[in-house]
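In: Next come a sequence and a model predicted from it.
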Amino acid sequence: MKIGYPLILINFKAYSEASGKRGLQLAKVAEKVSKETGITIAVAPQLTDLAFIASQVEIPVFSQHVDDVPPGSYTGHVTLEAVKDAGAVGTMVNHSERRVRADQVDVIVKRARSLGLTTVVCTNTPEVTAAMAALGPDMVAIEPPELIGTGIPVSKAKPEVVTSSVELVKKVNPNVKVLCGAGITVGEDVAAALRLGTVGVLLASGVVKAKDWEKAILDLISPIIKK
Ligand SMILES: O=C(CO)COP(=O)(O)O
């Protein structure tokens, strides 16, 4: 499954609005808009819904988290192999709501690469973004935790955090793509994020909690749809 840029990655988190059947409905809406516009819209459903959703849509599906353990006697853990078997194209790592240690990120990124899985490592400051970029993920997603869920977009409230993250990643590992997230809800927030040098956004409540998912997604991508 090809991931194009700019990328819109919708994190369903543990929101009841996007779990079970509703999660599939939202993924189908994302797929519809992606197919109609040619913009890559990826989804990160709850783990319990991942395999079912991945089997029903032709857009990239990510896990929200994985553990740094191999298959084996690890009760309650989530392995990279399991999310790959479930149909995921990749995984988020170290989200501020599901932090893991840097040494675990290192193991996960290396093992994901060997399995052909795409990694999006979440970070909270430019310095942490640089450190995580050094581990060689496919993407980093800079998300100041204090803005998450506020509707106050990082790309407008803290543009300097985004630009310094982009600049540091260019220095440390220019192969790593930079996303940003936290408070992103409308097209202008996405346009601002792209102007700051990112190649996409990671978001949740602006879509998951919207009354009209299709309208919310179309608004988000309105600045990037080929005129
Ligand atoms: O945590 C986030 C995405 O992973 C951002 O959340 P919001 O889009 O709800 O601010």
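Out: Thanks, I have the structure now.
In: ranges for the helices of the protein?
Out: Taking DSSP state H, the helices of the chain run over residues 21-37, 47-56, 80-85, 102-115, 126-133, 154-157, 159-172, 187-195, 205-208, 213-221.
In: So which helix or strand of this structure has the lowest pLDDT on average?
Out: Among the helices and strands of the chain, helix 154-157 carries the lowest confidence by mean pLDDT, DSSP states H and E, at a mean of 92.
In: helices or strands up against that one?
Out: Helices and strands touching helix 154-157, by 3 or more CB pairs under 8 Å, 6 or more residues apart in numbering; DSSP states H and E, are helix 159-172, strand 177-181, helix 187-195. To be clear about C-beta, it is placed using only N, CA and C from the backbone, and glycine gets the same treatment.
In: who wins for proximity to residue 128 among these?
Out: helix 159-172 (9.0 Å; CB to CB).
In: ok, residue 111 touching residue 80?
Out: Yes. The criterion here is CB atoms under 8 Å, and residue 111 meets it with residue 80 at 5.4 Å.
In: what sits against the closest residue to residue 142 other than its chain neighbours?
Out: Nearest residue to residue 142, sequence neighbours excluded (CB to CB, 6 or more residues apart in numbering): residue 165, at 4.3 Å. Residue 165 sits next to 123, 126, 129-130, 140, 142, 178, 180 when contact means CB atoms under 8 Å, 6 or more residues apart in numbering.
In: next one: residue 18
Out: 12, 26, 45-46, 208.
In: So residue 121 is in contact with residue 95, correct?
Out: No. Applying CB under 8 Å as the test, residue 121 and residue 95 come out as separate, 9.3 Å apart.
In: Between these two, tell me which one has more neighbours.
Out: residue 121 (27 against 24; other CB atoms under 10 Å).
In: For the ligand, what is the nearest residue in the chain?
Out: As assessed by CB to the nearest ligand atom, the ligand sits closest to residue 205 within the chain, at 3.2 Å.
In: Do you know the pLDDT at that residue?
Out: Among the per-residue scores, residue 205 holds a pLDDT of 98.
In: Please shift the residue numbers so they start at 103 in all later answers.
Out: Shifting the count to begin at 103 puts that one at residue 307.
In: any idea how far the least confident helix or strand of the chain is from the chain center?
Out: 17 Å (CA atoms, centre = their mean, to the nearest Å).
In: what comes up buried for that helix?
Out: 256-258 (16 or more other CB atoms under 10 Å).
In: between residue 213 and residue 182, who's got more neighbours?
Out: Set side by side, residue 213 and residue 182 show more neighbours around residue 182, with 27 against 18, by other CB under 10 Å.
In: Please report how far the more buried one lies from residue 218.
Out: Using CB to CB, to the nearest Å, residue 182 is found at 10 Å from residue 218.
In: And residue 108, by the same measure?
Out: 23 Å.
In: ok, these two, which is more surrounded?
Out: Neighbour count, other CB under 10 Å: between residue 108 and residue 218, residue 108 has more, with 18 against 10.
In: Now for the more buried one: which residues touch it?
Out: So residue 108 contacts 141-142, 292, 296, 301-303, 326 (CB under 8 Å, 6+ apart).
In: Leaving out sequence neighbours, find the closest residue to it.
Out: Per CB to CB, 6+ apart, closest to residue 108 is residue 302, 4.5 Å.
In: List the contacts of that neighbour.
Out: 107-111, 142, 279, 281, 295-296.
In: Quick check: the gap between it and residue 252.
Out: 20 Å.
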